[in-house]
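Novice: Using only what follows, build the 3D model:
(chains A and B)
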Amino acid sequence: KQEVTQIPAALSVPEGENLVLNCSFTDSAIYNLQWFRQDPGKGLTSLLLIQSSQREQTSGRLNASLDKSSGRSTLYIAASQPGDSATYLCAVAFSGGSNYKLTFGKGTLLTVNP
Amino acid sequence: NAGVTQTPKFRILKIGQSMTLQCTQDMNHNYMYWYRQDPGMGLKLIYYSVGAGITDKGEVPNGYNVSRSTTEDFPLRLELAAPSQTSVYFCASIGGWTTDTQYFGPGTRLTVL
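Specialist: Numbering: from 1, shown residues only, chains lettered A, B, ... in the order given. I've put the predicted structure just below:
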């Protein structure tokens, strides 16, 4: 079964700390992997998309890496701020057996304390 | 572009009532999706569509129906609402599902009492 797992489920850090969120997936045959942010009571907003042929993507203080062979992705947030507090979800477009559908992890709830 | 819009934002239903959740996107995306999100359970796919006139079931389709008569609209119908359908419902769309990011609407918070 194709699954996406995010550990930890929750993370609390002091402001200014660099942090890493983890995402693992069970099948290396993928089209792409996406990281989303969800604020309380809101929809999901795309942060970064990494195609299967890429190793990483960067946007501002965010850097996402992809290692297909080990089935892992990390989202690195530099110099965290209280405004980064949100739930971060990882989603994978598997290339076999999940046509047209993304498989989502359950997310990591990040709290950045002032 | 307004992106993906959903109406209503909130709704309370009584058991056995029916309603339609509206979803519209203005990005000319072929692929559209309905998810439900329950606390601690992540997103679960209800139905999806790969183009006008084509729909298919996701993980949790029971109690729901969809139609896709146009590229822009993908309404979700709840028949005979049950307390188990209390959830937050998200509509999403994507242009190319192997290459593009998925865009989400703001959600509809539904309570069935």
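Novice: Residue B:3 - nearest residue in space that isn't next to it in sequence?
Specialist: residue B:103 (5.6 Å; Cβ to Cβ, 6 or more residues apart in numbering or on different chains). (Glycine included, C-beta is placed from N, CA and C.)
Novice: in stretch A:77-91, what counts as buried?
Specialist: By neighbour count on 16 or more other Cβ atoms under 10 Å in any protein chain shown, the buried set for stretch A:77-91 is A:77, A:80, A:84-91.
Novice: Now narrow the residues you listed to whatever sits close to chain B.
Specialist: A:89, A:91 (Cβ under 8 Å from any Cβ of the partner chain).
Novice: Out of the buried residues of stretch A:77-91, which two sit at the greatest distance?
Specialist: A:80 and A:91 (22.1 Å; Cβ to Cβ).
Novice: How far does the lengthiest strand in chain B sit from its chain's centre?
Specialist: Secondary structure of chain B per DSSP state E: the longest strand is strand B:42-51. Centroid separation for strand B:42-51 versus its chain: 7 Å, with Cα atoms, centre = their mean, to the nearest Å.
Novice: elements contacting the helix or strand just after that strand?
Specialist: Using DSSP states H and E, the helix or strand that directly follows strand B:42-51 along the chain is strand B:54-57. If you count contacts as 3 or more Cβ pairs under 8 Å, 6 or more residues apart in numbering or on different chains; DSSP states H and E, strand B:54-57 packs onto strand B:42-51.
Novice: neighbouring strands for the strand it packs on, and are they parallel or not?
Specialist: Sheet pairing of strand B:42-51 (DSSP bridges) gives strand B:31-38 (antiparallel), strand B:54-57 (antiparallel).
Novice: Please save the CA atoms from it in CSV.
Specialist: C-alpha atoms of strand B:42-51 as CSV (Å, rounded to 0.1, in the frame of the first residue of the first chain):
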residue,chain,number,x,y,z
GLY,B,42,-5.6,13.8,7.8
LEU,B,43,-7.2,14.4,4.5
LYS,B,44,-9.4,11.7,3.0
LEU,B,45,-10.4,11.7,-0.7
ILE,B,46,-14.2,11.5,-1.3
TYR,B,47,-14.5,11.8,-5.0
TYR,B,48,-12.4,13.2,-7.9
SER,B,49,-12.9,14.1,-11.5
VAL,B,50,-10.4,14.2,-14.4
GLY,B,51,-12.6,16.3,-16.7
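Novice: Would you mind listing the buried residues in it?
Specialist: Across strand B:42-51, burial judged by 16+ other Cβ under 10 Å covers B:42-43, B:45-49.
Novice: ditto for stretch A:62-77
Specialist: Buried residues in stretch A:62-77 (16+ other Cβ under 10 Å): A:62-66, A:68, A:71, A:73-75, A:77.
Novice: same question, stretch A:4-11
Specialist: Along stretch A:4-11, these residues count as buried under the neighbour rule (16+ other Cβ under 10 Å): A:4, A:6, A:11.
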